[in-house]
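J.: Following is a predicted model, sequence given first.
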Amino acid sequence: MQSAAPLLIAAALQGAPSWTEDVRPILAEHCFECHGPDEAARRSGLRLDTEEGLIGTDGGPGAVDRAAPHLSELLHRVTTSDEFERMPPPEAGSPLSAEDLETLRRWLEAGGLWEPHWAYGALRSVTPPALAGAGDLAPIDRFIAARLRAEGFGFAAPAEPRELLRRMHFDLTGLPPSREDVARFLDDPSEEAYAAEVDRLLASMAHAEHWARYWLEAARYADSHGYTIDGGRSIWPWRDWVIRSIHGDQPFSAFSVEQLAGDLLPGATREQRIATGFHRNTQINQEGGAKDEENRINAVIDRVATTGTVWLGATLGCAQCHTHKFDPITQTEYFGLFAYLNSTADGGVTDAPRLLVPRDELEREAVATFEAEEARLITELSLRRAAAQGPFRTWQPSSARGSNGPELRLEEDGGYRVLGQNAVYSTYTLEGLVPPTGARHLRIEALPQGGPGRGRKRTFLLQEVRLLVRVATETDAEWRTIGIDSARASRGGDPVGPDTPRPDPRGVAMPGVIDDDPETGWSLPEDWSEPEVLVLTLEEELEAGSELKLELVQEAGANRTLGSFRLGLAATFDPENPLVPEEWREASQALDFHRRLRPNVPTTLVLEERTIPRMTRRFERGSFMEPRELVAPHVPAALDRSGQEPPQDRLAFARWIVGPENALMRRVTVNRWWSHLFGRGLVETVDDFGVRGARPSHPELLEWLAGEMLASGDSRRHLLRQMVLSRTYRQGRGVDPALRDQDPDNVLVGRRELRRLSGEAIRDAMLVASGRLVARPFGPPVEPPQPPGVFAFTQTKKSWRSPAGEGRYRRSLYTRIWRSSPYPFFGTFDAPGRDASCVRRTTSRTPLQALALVNDPQVMELARELVARLDREVGPDGDVPDGERIVAAFGWALQRSPSNQELDLLVDFIRSVRDRDGKRAAWVGFARALFNMGEFTHAP
Amino acid sequence: MSRSNQESTRQRRLRIARRDVLRASASGLGALALGDAFARDGVAGLAPRRQGAVGLHHAPRAKRVVWLFMAGAPSQLELFEPKPALQKLDGEPLPPSLATGRRFAFIDPARSKLLGTRRRFERHGESGAPVSELLPHIGKIADKLCFLRGVQGKEINHGPAKLFMNTGHGLFGRPSFGSWSLYGLGAEADDLPGFVVLQSGPRGPRGGAPLWGNAFLPSACSGTPFRASGDPVLDLGTPEGISDAAQGETIELIQGLDRLTAKRMGERSIADRVETYELAHRMQASTPDVIDLNSESKATLDLYGVDPDAPSFARNCLLARRLLQRGSRFVQLYHTDWDHHGDPNNHLGGPLEARCREVDQASAALVRDLESLGMLEDTLVVWGGEFGRTPLGEVRKELGRDHHVEAFTLWMAGGGVKPGHSHGQTDEIGFAPVSGAMDVHDVHATMLHLLGVNHERLVYRLQGRDFRLTDVHGRVVSDIFA
């Protein structure tokens, strides 16, 4: 055990200690708390994580003397026995170990050289190493071979053709090759034949589907809202968009920009808007007491973290609560990133905005017509509404709340939508300043869009309106009630029939809202779809700048509270003018009517930018309850090599991420692709390229691949092709015991390791072998059979129908994902939950996997289907020899014939079971055993 | 610990060491003597078996845990916390000093009235602990219990609060307590899941799978739900129409084929795979035995109040005892529907009485039964919800209370905690602790300590960060140790 992996430590112990590998970690652990990136926590102005800070050219005292390193303050402070001088101070932590001190001393003696973090530097141009006798080696192979040679090893022998073809098919498409594919390749295993097969697969839909799955996991895609209620959602059109994009080899840069900000592209197409579903894969809390703003912020936090993991290999989550302790990202910079993603229109408890997704030409036309008309009617309505304002100006209170749990969300038009808990009764309280014009009249608009009420049939009952004022400058001044002279409403609550005369345009008196009698108040007829207003005339003029409190009392019960309303104030008002002009009514009705004609097509969740951006504030300790100073959108200085002004909006931010200067994004991306093919990243921590992440095993190769990505126009297909065509990829499962011993984790890539297939791929392989795979791509999620009792532990019972037909046999990718209870077969084989971004699966081996493979109803069904295929295509038991059927099934499952030893086992098994339980039992058992074989569930 | 380069070298070395040890332990050679029981990527992936746990960092007081989780949050003010002053202030508003800056899920603290309980309390045993008339059986074992009266949460809604209570974090993505304990300690048995989840009541607990999920820990650390009807574990039973003999022969055939493959391909990992079928087979054999209550005496069934054929909390309590006896490390029972806001079906009258009837006798029976079997001393029993309920009444149709995170009560028993003890005290209306406050992280830290685990040292590095159950918090409250 002691002798294991000496080659990996050898490098570290030779020569002077390196800043990055040896020194920085020591200082990060013991010193950065007070002398690191966090400005607020910094003591004595000393900063030890930057070169300027170390040598004191940043205005601070510095701690390293390059002229006389051994006399550096740094060394003195950590070694002195004077307890007033010694660092770290006793209350801050333990002293440095002798080993650490020795490292520091040797580093200083060697000059105390600082270097930037490797991952954040500009792209370097690298040349593949020249190797004697390796004339025909491709660039990737030169990098790998050079390192192997340096350690005294070489490539493993090439994989045998059948294994290579299985490997390549599973890696590129997630499906096994057919028997015919293998036969063809065994006939002609030439370079050209291999390359042609690679190209054929890279262009296939199966490839796009398989690689889309990796992206779906990174994007935490699911077909449900999550949290506790976990209701269903429709966002599969985004999933289909990902497949189409990969199928067309859309450049990764455009693929990224459209997902992060497709809605903001000039003339954005419907497809580009669908792409923004990436960041709508956040959860929505449908629980009764859930707060919209809290959950919206949680979604933005998730978006920042996911953006960091996927594109920047950065653990941004740490900086939410405090400046990152290790990576050079401050808390303010975190909120700078947050600001880019903080101005979308979606909320935390509802699923709007949704986009209509037409499926064919006819639907496209219908949708286009519908949307154009809807847009026209919305404009019309807002014009009519503006024209109806008269002297009233929208009043924007500084606070708005409702008792008993509802949340009043300020909309962009200055009105309020009431969300969250549908309170049985509630009083809304709004406070703010009286505008400079002063005010004598208050107008309340009750609006049908989202309202007017939250009771049965959209009703409300506003029992009382109360107004109070106080002098704004004195916060403890008493509130004084303002008398209300009169109240008039454009309509009352009496039912309206065809013969009801139109109300007086000047409205009807509504004394019920000012009489302190809870039995009376303002209401509207059921399901009312026209805007109506209530105008109150006050007994006195409200002074400009004084503080106004408005209480809307709705305590009658039965949820009869306002759902959508807007407030206006005016200094003068002519009571002869109509309260609601006819044109406004008509525009509102027209929109309401039109929306009922929405074409019946699928929808998908999308991002939309608000017209007015939200201001972002830093949250103290990351808590949204403690907002602090405003933060403008900006990117972390350490990650920015563009030399430009900070991007201004989400689109500019997306373009910054994929900009040619962003080598980090390309390093992270090629490393992830490499890890999917080779089972391990060149940087093992695929999700973390920060200072605490792993160092690349082959830094030059990683750099070369990143350069190749940029040069190819960010073509995923080009990179995968290079990798799969390499000799490195085509190695066999070499058995050099010395190499295995020294490099147990295959860091040097000197062989191929057997890899357990994902649960998705295992199920797909069973579908292929049984002849039942329905390869048709795209469409709504499907529900293949799963064991009974899966939803016994979810709060709400989920529907799972598994009807007969092709939905049972689609690729695993299309299986519906309920976040609270995902398809168990996949989870058993380490599929991650879809709650957070995942770019690296773990592989475990548990008895539950054996149980699933042996007993799952899906496995049983496909075993029976395999037997049916034998009967159909080879001939029934009794008509053809057992051996013939066995050989055929082996071909479908493993693309080879059984060995004699295997045949013996199988023939014995079939005879034994057939004699006792009949031929059907015997062959189903055989098929189950095939599906359970280690060879079936692994890629060689 | 800090030096990334050496860290990775050490990790690598550990991984190799672990791989050897895991192989050894699978063949019964005994316990791991390593920092944590799993390789980072679960090289072997099986929960390693550890007979007679020795604790990870120090000698354990408890070897296993059974957590009776009252989902929906029972009212401590109706069950464990009599407050005479609250009775007197019944109908009065909340003092403004308490109302400002607090968050409630539903009520408006400024407009709601204090609510004195309608329940009678009795002081029990030598400890004199007050327990409500609704829980007569638990009252009788008060001298065996340790009440934590000043527990504090943070999340005000059920989903996030349940995540917080289970994973120490209000959002998704962190491993549960049970997963951490398996990760640190391994399983005691290899023919049963080390972490089992049972469920009773009208529906599953809000939050679902993430409450017992392994998150980034190896999937062998995940909780395994046992279902009340059908196969307790998914895919456990032999499929319909397959004879036992054929099932056995099929598994033998799989193993035979794998042995040939392993030899032909020279792959150790295929050979190791044979073992998982062995374990699956054993699990298939032993699990029906666990859930078959026929071997239990009438006296035992009566003690718990179990109808052996009907799913119930009582049946789950007895199952939990049987699982613990057979080596499960962590068993969690959810009993749902404690969310007594005051709606017609969910209030502090009939519905609360019904929930109490469903859990009272069996909860007490589990403690007594473990004691009589000599297991209580090293089994930690935990009883409580995800938060408590407000001293304020929630004015809906019936009497009810809103969610309250400032102070609520959990009780523990066995596993090295003081019997007949109360830790912490709340103010006169039960709003907030005045002494002995413990937040959820403190509860976790203390529970881990009882299991022989230092909560600051059970870590998992992910994305450059050392994750632990207690995040950067947690305080071991040794006052409650026996």
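T.: Good, I have the coordinates.

J.: Now the residue nearest to residue A:621 when sequence neighbours are not counted: phi and psi?
T.: Among residues not flanking residue A:621 along the chain, residue A:321 sits closest, at 5.3 Å (Cβ to Cβ, 6 or more residues apart in numbering or on different chains). All C-beta atoms are positioned from the backbone trio N, CA, C, and that covers glycine. When read as degrees, to the nearest 10, the backbone of residue A:321 gives phi -100, psi -30.

J.: Just confirm residue A:321 contacts residue A:618, I think it does.
T.: No. The pair residue A:321 and residue A:618 does not pass the contact test of Cβ atoms under 8 Å, sitting 10.8 Å apart.

J.: who touches both of these two?
T.: Counting by Cβ atoms under 8 Å, 6 or more residues apart in numbering or on different chains, the common neighbours of residue A:321 and residue A:618 are residue A:331.

J.: which of the two has more neighbours?
T.: residue A:618 (19 against 15; other Cβ atoms under 10 Å in any protein chain shown).

J.: looking at this, that one is in a strand?
T.: Yes. Counting by DSSP: H, G, I helix; E, B strand; the rest coil, residue A:618 is found in a strand.

J.: Could you report the distance from the residue nearest the centre of chain A to chain B?
T.: Nearest to the geometric centre of chain A sits residue A:219, at 3.7 Å (Cα atoms, centre = their mean). Per Cβ to the nearest Cβ, to the nearest Å, residue A:219 is found 15 Å from chain B.

J.: any idea how far that residue is from residue A:282?
T.: 10 Å (Cβ to Cβ, to the nearest Å).

J.: circling back to that earlier point, quick check: the residue nearest to the centre of chain A touching residue A:276?
T.: No. Proximity of residue A:219 to residue A:276 does not meet the contact threshold set by Cβ under 8 Å, at 11.4 Å.

J.: Now do the contacts for residue A:772.
T.: Shown in contact with residue A:772 (Cβ under 8 Å, 6+ apart): A:808-809, A:862, A:865.

J.: before we move on, what SS does it have?
T.: coil.

J.: Low-confidence bits of the chain, can you list those?
T.: Answering for chain A, as no chain was given. For chain A, the stretches with pLDDT under 70 are A:1-15, A:93, A:325-326, A:474-475.

J.: Correction: the question concerned chain B.
T.: B:1-55, B:99-103, B:105, B:110, B:395, B:463-464.

J.: Can you give me the domain boundaries for it?
T.: As assigned by automatic domain parsing, chain B contains the domains B:53-229+B:311-480, B:236-296.

J.: Of those, flag the one that's most buried.
T.: The highest mean neighbour count among the domains of chain B, using mean count of other Cβ atoms under 10 Å in any protein chain shown, belongs to domain B:53-229+B:311-480: a mean of 22.

J.: buried ones in stretch A:374-392?
T.: Judged by neighbour count (16 or more other Cβ atoms under 10 Å in any protein chain shown), stretch A:374-392 contains these buried residues: A:374, A:377, A:380-381, A:384-385, A:388, A:390-392.

J.: May I ask which of the contacts of residue A:772 has the most neighbours?
T.: residue A:862 (28 neighbours).

J.: ok, that residue touching residue A:765?
T.: No. The criterion here is Cβ under 8 Å, and residue A:862 misses it with residue A:765 at 9.8 Å.

J.: quick one: the strands in the stretch 1-150 of chain B?
T.: Here the stretch 1-150 of chain B has its strands, by DSSP state E, counting those that start in this stretch, at B:64-70, B:121-124, B:129-132, B:145-152.

J.: so what strands line up beside the third one?
T.: The pairing partners recorded for strand B:129-132 under DSSP bridges are strand B:121-124 (antiparallel).

J.: follow-up on the earlier one: and the furthest pair within the buried residues of stretch A:374-392?
T.: A:374 and A:391 (30.8 Å; Cβ to Cβ).

J.: what is the nearest residue to residue A:492 once chain neighbours are set aside paired to in the beta sheet?
T.: What sits nearest to residue A:492 in space, not counting adjacent residues and going by Cβ to Cβ, 6+ apart, is residue A:508, at 5.7 Å. Note on residue A:508: beta-bridge partners by DSSP bridges are residue A:489.

J.: Just list the residues touching residue A:508, thanks.
T.: Each residue near residue A:508 by Cβ under 8 Å, 6+ apart is listed here: A:488-489, A:491-492.

J.: same thing but 10 Å
T.: By Cβ atoms under 10 Å, 6 or more residues apart in numbering or on different chains, the contact set of residue A:508 is A:487-492, A:494, A:579.

J.: Hmm, residue B:89 and residue B:427 touching each other?
T.: No. Residue B:427 is beyond contact range of residue B:89, at 11.8 Å (criterion: Cβ atoms under 10 Å).

J.: residues shared between the contacts of these two?
T.: What both residue B:427 and residue B:89 touch, as defined by Cβ under 10 Å, 6+ apart, is the set B:83, B:391.

J.: overlap in contacts of residue A:862 and residue A:765?
T.: Residues touching both residue A:862 and residue A:765 (Cβ under 10 Å, 6+ apart): A:773, A:931.

J.: Figure out how far stretch A:619-631 is from the centre of its chain.
T.: Averaging C-alpha positions (Cα atoms, centre = their mean, to the nearest Å) puts stretch A:619-631 23 Å from its chain's average.

J.: Same question for it: list its buried residues.
T.: Buried-residue list, stretch A:619-631, by 16+ other Cβ under 10 Å: A:619, A:622, A:624, A:631.

J.: In strands only, show me those residues.
T.: Using DSSP state E, the members of those that fall within strands are A:619, A:631.

J.: show me where the stretch 751-900 of chain A has strands.
T.: Secondary structure of the stretch 751-900 of chain A (DSSP E, counting those that start in this stretch): strands at A:755-756.

J.: now do the stretch 351-482 of chain B
T.: Per DSSP E, counting those that start in this stretch, the stretch 351-482 of chain B carries strands over the ranges B:379-384, B:388-393, B:401-404, B:408-414, B:421-423, B:425-426, B:433-435, B:438-439, B:460-462, B:465-467.

J.: Which strands or helices does the third one pack on?
T.: Spelled out, it's strand B:401-404. helix B:76-79, strand B:388-393 (3 or more Cβ pairs under 10 Å, 6 or more residues apart in numbering or on different chains; DSSP states H and E).

J.: Tell me the residues that contact both of residue A:219 and residue A:276, please.
T.: Here residue A:219 and residue A:276 have A:238, A:259 as joint contacts, going by Cβ under 10 Å, 6+ apart.

J.: before we move on, the earlier item: now do the shared contacts for residue A:219 and residue A:282.
T.: Once Cβ under 10 Å, 6+ apart is applied, the residues that residue A:219 and residue A:282 both contact turn out to be residue A:306.

J.: Residue A:401: which element?
T.: strand A:399-402 (DSSP states H and E).

J.: what does residue B:333 give?
T.: Counting by DSSP H and E, residue B:333 is part of strand B:330-335.

J.: That strand: how far from the chain's middle?
T.: 5 Å.

J.: ok, it: who's next to it in the sheet?
T.: Partner strands and pairing direction for strand B:330-335 (DSSP bridges) are strand B:64-70 (parallel), strand B:195-200 (parallel).
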